[in-house]
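1. Quick one: sequence plus predicted model below, questions after.
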Amino acid sequence: MLKIMHTGDIHLDSAFSRLDSRHAEIRRNELRAAFTSMMTSAKMNGADLMLIAGDLFDSRFVTRETAALLCREFASFGKPVFIAPGNHDPAVPKSFWFRTSLPENVKVFTEPELSSFDLDELNVTVYGWGFNAPDLEKSPLTGKTAADRSRINLLVCHCDTLSRVSSDCPVTDEELRTFGADYSALGHIHNPPAASEDPWCYSGCLEPRGFDETGIKGACMVEIDKKDGEAEVSVRRIRFAKRRYEKGVLSVDGAASQSDVRAAVDAYVRHMRCGEDTLLSLTLTGTVSSGLVIDTEALADNPQPLFLLEITDRTIPDADPDVLERDVTLRGEVYRQLKPLLNSEDPRQREVGLRALRYAMSALSEG
Ligand SMILES: [Mn+2]
């Protein structure tokens, strides 16, 4: 039984620039901690080797701290580690891959053509390639097949199987099938598609970095049993991410005050069992009292028990257009002035109109 830890898209040293400096600093440390947890798990689970399918780093700039951490962790793992650089960390001249002396057990695919390493004591051949520029337009797998079917053949690479015109190494399912690896460890797609019967898989990112990477993230523990040329492969996903990003839509229909909205948000957070590991982006919808201006910043400030809360207000003020149209007071006049905006084809213009109407109704209701 061969055990493999398959990871990728770790994006170490990401800036997390959408967060404020305090949260960004926490997240940068957590990203390194997720990497360390993954390495510890590989050791504890008795992995025979590790495949890192690209984008280990977010860019070509690697901090000294991170470089030291990698060397330490890889050396302590002690088993073979294969790395296939991706579009974020290509093996360009003077990059980390050529500047750093990595422990002996680490092998890096620095060429954009298919090559391989043999591990005779495991009867394994590891195939792969690496980006040597930010773009890789041609599939290195075209017309290739794994040479010796009596061995366990593995492939590790950063590629895009979802688009045939990708500049991030387009590879087709057919090419993977024809190549015939017993397992292909892929990187690039951060939200991996649902598991299929095919012997290849995207690990997904190790730690999510934005609201486009929702759900639980981690790496794959792969087990391969090969007898008489037939491989049995099982893939288990393990969570290593310290945090999760979630998106939600909450109707606050009928809310008349900021405290009504706050109560609804609190109830939602409890109901969804979101805790301190969660960064939540919540969109408020529904029809609310026409004088209510929801203070989204106040709601997002100190968002216990969440790590971070972002609120988008998409509610509609409860104002009857027919009544306002005939209203001879200032309220009616404001409405008639804002009507072109409120009925605009452009959703941005409509939003401006709605917001203006809310502020006006709020001001007028307070006399
Ligand atoms: Mn990536």
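-> The structure has been received and is ready for your questions.
2. near the ion, which residues of the chain?
-> Contact residues (C-beta under 5 Å from the ion) of the chain with the ion: 9, 55. Every residue, glycine included, has its C-beta placed from N, CA and C.
3. Show me what the lengthiest helix in the chain is packed up against.
-> Criterion DSSP state H: the longest helix present in the chain is helix 21-44. Other helices and strands packing on helix 21-44, by 3 or more C-beta pairs under 8 Å, 6 or more residues apart in numbering; DSSP states H and E, are strand 2-7, helix 64-77, strand 218-227.
4. Pick the most deeply packed of those.
-> Among those, strand 2-7 has the highest mean neighbour count (mean count of other C-beta atoms under 10 Å), at a mean of 24.
5. Put the alpha carbons of that strand into CSV.
-> Extracted C-alpha coordinates of strand 2-7, given in CSV (Å, rounded to 0.1, in the frame of the first residue of the first chain):
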residue,chain,number,x,y,z
LEU,A,2,1.5,3.3,-1.1
LYS,A,3,0.4,6.4,0.8
ILE,A,4,0.7,9.8,-0.8
MET,A,5,0.0,13.3,0.6
HIS,A,6,-1.2,15.4,-2.4
THR,A,7,-1.4,19.2,-1.9
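6. now that strand and helix 21-44, what's the angle there?
-> Between the axes of strand 2-7 and helix 21-44, defined by axes from the mean of the first three to the mean of the last three C-alpha atoms, to 10 degrees, the angle is 170 degrees.
7. Which neighbours in the sheet does strand 2-7 have, and how are they oriented?
-> Applying DSSP bridges, strand 2-7 is found paired with strand 49-52 (parallel), strand 218-227 (antiparallel).
8. Run through who's touching whichever helix or strand comes after the last one.
-> Next in sequence after strand 218-227, counting helices and strands by DSSP states H and E, comes strand 230-239. If you take C-beta atoms under 8 Å, 6 or more residues apart in numbering as the criterion, strand 230-239 is touched by 6, 41, 152, 182-183, 195, 199, 201, 204, 216-226.
9. Mind listing what's buried along strand 230-239?
-> Under the neighbour-count criterion of 16 or more other C-beta atoms under 10 Å, strand 230-239 has 231, 233, 235, 237, 238 buried.
10. Report the central residue of the protein.
-> residue 213 (3.3 Å; C-alpha atoms, centre = their mean).
11. For the residue nearest to it when sequence neighbours are not counted, give me its contacts.
-> In this structure, residue 213 finds its nearest non-sequential neighbour in residue 190, 5.2 Å apart by C-beta to C-beta, 6 or more residues apart in numbering. Applying C-beta under 8 Å, 6+ apart, we find residue 190 in contact with 9, 204, 205, 208, 212, 213, 217.
12. try it again with 10 Å
-> 8-9, 11, 55, 202-206, 208-210, 212-213, 217 (C-beta atoms under 10 Å, 6 or more residues apart in numbering).
13. do residue 295 as well
-> Here residue 295 is in contact with 258, 261, 262, 301, 311, 313 (C-beta under 10 Å, 6+ apart).
14. Between these, which sits nearest the ion?
-> Nearest to the ion, judged by C-beta to the ion, of the contacts of residue 295 is residue 311 at 28.4 Å.
15. quick revisit: now the helices and strands packed on helix 21-44 as JSON lines including mean pLDDT?
-> Output for these, formatted as JSON lines (pLDDT from 0 to 100):
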{"stretch": "strand 2-7", "mean pLDDT": "98"}
{"stretch": "helix 64-77", "mean pLDDT": "96"}
{"stretch": "strand 218-227", "mean pLDDT": "96"}
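16. Take these and lay them out in a markdown table including distance to residue 109.
-> Compiled in a markdown table, the helices and strands packed on helix 21-44 are given as follows (distance: least, C-beta to C-beta, whole Å):
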| stretch | distance to residue 109 |
| --- | --- |
| strand 2-7 | 15 |
| helix 64-77 | 16 |
| strand 218-227 | 19 |
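17. Distance check, the residue nearest to residue 243 when sequence neighbours are not counted against the ion.
-> Residue nearest to residue 243 in three dimensions, not counting chain neighbours: residue 277, with 5.1 Å by C-beta to C-beta, 6+ apart. Distance of residue 277 to the ion, computed by C-beta to the ion, to the nearest Å: 22 Å.
18. secondary structure element for residue 273?
-> Short version, using DSSP H and E: residue 273 is in no helix or strand.
19. Read off the pLDDT value for it.
-> pLDDT recorded at residue 273 is 87.
20. Most proximal residue of the stretch 251-367 of the chain with respect to the ion?
-> For the stretch 251-367 of the chain, C-beta to the ion, closest residue to the ion: residue 279, 18.9 Å.
21. and after the helix or strand containing that residue, which helix or strand comes next?
-> If you go by DSSP H and E, residue 279 is part of strand 278-285. Tracing the chain C-terminally past strand 278-285 and defining elements by DSSP H and E, one meets strand 287-289 next.
22. quick check: mean pLDDT across that following strand?
-> 90.
23. and residue 160, backbone torsions?
-> phi -120, psi 110 (degrees, to the nearest 10).
24. One more: the one 10 residues further on?
-> The phi and psi values for residue 170, taken as degrees, to the nearest 10, are phi -70, psi 130.
25. in this protein, which spans are helices?
-> Going by DSSP H, the chain shows helices at 21-44, 64-77, 96-99, 173-179, 258-271, 296-300, 321-326, 330-342, 347-365.
26. closest to residue 113 out of those helices?
-> Among the helices of the chain, helix 173-179 comes nearest to residue 113, with 13.7 Å by C-beta to C-beta.
27. which secondary structure elements does the closest one contact?
-> With contacts taken as 3 or more C-beta pairs under 10 Å, 6 or more residues apart in numbering; DSSP states H and E, helix 173-179 sits against strand 152-158, strand 183-187, strand 200-202.
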